[in-house]
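**Q** model the following, please.
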Amino acid sequence: MPGMSGARDETVADAPPIMGNVPGSYALSVFRERHPVLVRQVARALPYPPDRRRALDRLLDEVVRDVMEPLEPSAHDGAAWAEWGRGKIGRRYVDVPFLWGESYFYRKLLEATGYFGDGPWRGVDPFGPMKQAELEGTVVDGELAALDGTETLSPAERAEALLLGSLWGNRADLSFGVTLKGDHERAADLVVDDRPLLWSLIEAAAPARICLVADNAGRELLPDLVLADHLLARGLAGEVVLHVKPFPYFVSDATPADVLACLRRLAAAPGSAGEAGAPPSGGGGGGGPPPRAAPLPSPPLAHPGKPPHPLGGVAVGPPAAI
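**A** Numbering: from 1, shown residues only. Reported below is the predicted structural model:
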């Protein structure tokens, strides 16, 4: 959990960027193995027309040759990427900082599928079928059923279990019926543990608006929504605003559409999971503000260089709160 205790006294020098050309590294395996496989998966997942398939074939050839080609002249953000990519575009993917090279690949993938175009594929998430398959899987069934086990915990224990489930996301799996021993073990792995401070701030400000920055969709987003429901149900929050990406930047990034899909998945589940899904689903569909998201988390820049846009969010709460 990021520290909330104020600024640290230590002065930490900037670390050198992670590069993709280190033999045996994770970054190199992403460029050499994962990206070609992903392009093929995307091409098979949806019934793209011939022009989109040709664009995906060109991108596959680009990543196999390992040369970053410019965006199409028609790209709406082509000028921005050309500026960000000065001295990088035209080089090998593996010879630029890993974050930048991977970000550029995913931008090219969205371009190839027509995500930002004016045609029928505008706004269609190329990773949507993968996300939906995960939500419909039996693993999620078991994880949501395990939420019933937290009902036997004390209110404080249940709050800690749900907080840690949200914090760890897919690393911890989404089994909500964790033992207290398991909670202690997961808490011991935290670099900074500000949970007592977090709860004290929430309780002192209740019922306030709480902003929760989400990362991934699917199995990682579900515990975020369960935590949001807990905060609302306990009167600790009058509204929870979930901050998500404006578009699918990486494969599993949570978008407004993913929030709605996960809310529907919760609401359709039996037991405690269904109860957790019902209030946000009612609020989100009851005439509240539309989902909104801004590009702050998206450009391939270090945080100090990101544009000063406010985070976008999806308001989640009972109808009266939104």
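**Q** only C-alpha atoms from now on, for both contacts and neighbour counts.
**A** Will do.
**Q** wait, what's in contact with Leu231?
**A** Ala237 (C-alpha atoms under 8 Å, 6 or more residues apart in numbering).
**Q** could we number from 575 for the rest of this?
**A** Got it, first residue is 575 now, which makes that one Leu805.
**Q** roughly how far does it sit from Gly812?
**A** 8 Å (C-alpha to C-alpha, to the nearest Å).
**Q** likewise for Ala788?
**A** Counting by C-alpha to C-alpha, the gap from Ala788 to Gly812 is 19 Å.
**Q** then Ser677?
**A** Distance from Ser677 to Gly812, by C-alpha to C-alpha: 36 Å.
**Q** the two: which has the busier surroundings?
**A** Neighbours around Ser677 and Gly812, counted as other C-alpha atoms under 10 Å, are more numerous at Gly812. The numbers are 20 against 17.
**Q** distance of that one from Arg783?
**A** 6 Å.
**Q** can you check Pro590 too?
**A** Pro590 sits 37 Å away from Arg783, going by C-alpha to C-alpha.
**Q** ok, the two, which is more surrounded?
**A** Using other C-alpha under 10 Å, the more surrounded residue of Pro590 and Arg783 is Arg783, with 18 against 7.
**Q** residues touching the closest residue to Ala629 other than its chain neighbours, list them.
**A** Spatial nearest neighbour of Ala629, chain neighbours left out: Ala686 (5.0 Å); criterion: C-alpha to C-alpha, 6 or more residues apart in numbering. Counting by C-alpha under 8 Å, 6+ apart, Ala686 makes contact with Arg626, Arg627, Ala629, Leu630, Leu633.
**Q** got the buried residues for the helix or strand where Leu795 lies?
**A** Using DSSP states H and E, Leu795 falls within helix 795-807. The neighbour-count check on helix 795-807 (16 or more other C-alpha atoms under 10 Å) flags Leu795, Leu796, Pro797, Asp798, Leu799, Val800, Leu801, Ala802, Asp803, His804, Leu805, Leu806 as buried.
**Q** helix, strand or coil for the residue nearest to the last one when sequence neighbours are not counted?
**A** Counting by C-alpha to C-alpha, 6+ apart, Gly812 is the residue found nearest to Leu806 once chain neighbours are left out, at 6.2 Å. Under the three-state scheme (DSSP: H, G, I helix; E, B strand; the rest coil), Gly812 adopts strand.
**Q** roughly how far does Gly812 sit from Ala733?
**A** From Gly812 to Ala733 the distance is 17 Å (C-alpha to C-alpha).
**Q** same thing with Leu805?
**A** 9 Å.
**Q** could you pull out the strands in this protein for me?
**A** In the chain, strands defined by DSSP state E lie at 782-787, 811-817, 888-890, listed in chain order.
**Q** what packs against the longest one?
**A** So the one you mean is strand 811-817. strand 782-787, helix 795-807, strand 888-890 (3 or more C-alpha pairs under 8 Å, 6 or more residues apart in numbering; DSSP states H and E).
**Q** will you turn these into TSV that also has mean pLDDT and distance to Asn595?
**A** Below are the helices and strands packed on strand 811-817 laid out as TSV (pLDDT from 0 to 100; distance: least, C-alpha to C-alpha, whole Å):
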stretch	mean pLDDT	distance to Asn595
strand 782-787	86	32
helix 795-807	90	32
strand 888-890	48	38
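**Q** to Leu737, which of the ones you listed lies closest?
**A** helix 795-807 (6.4 Å; C-alpha to C-alpha).
**Q** distance from the closest one to the middle of the chain?
**A** Taking C-alpha atoms, centre = their mean, to the nearest Å, one finds helix 795-807 lying 15 Å from the centre of the chain it belongs to.
**Q** also stretch 773-783?
**A** Distance of stretch 773-783 from its chain centroid, counting by C-alpha atoms, centre = their mean, is 25 Å.
**Q** can you check stretch 775-785 too?
**A** Counting by C-alpha atoms, centre = their mean, stretch 775-785 comes out at 23 Å from the chain centroid.
**Q** measure that stretch end to end?
**A** 13 Å.
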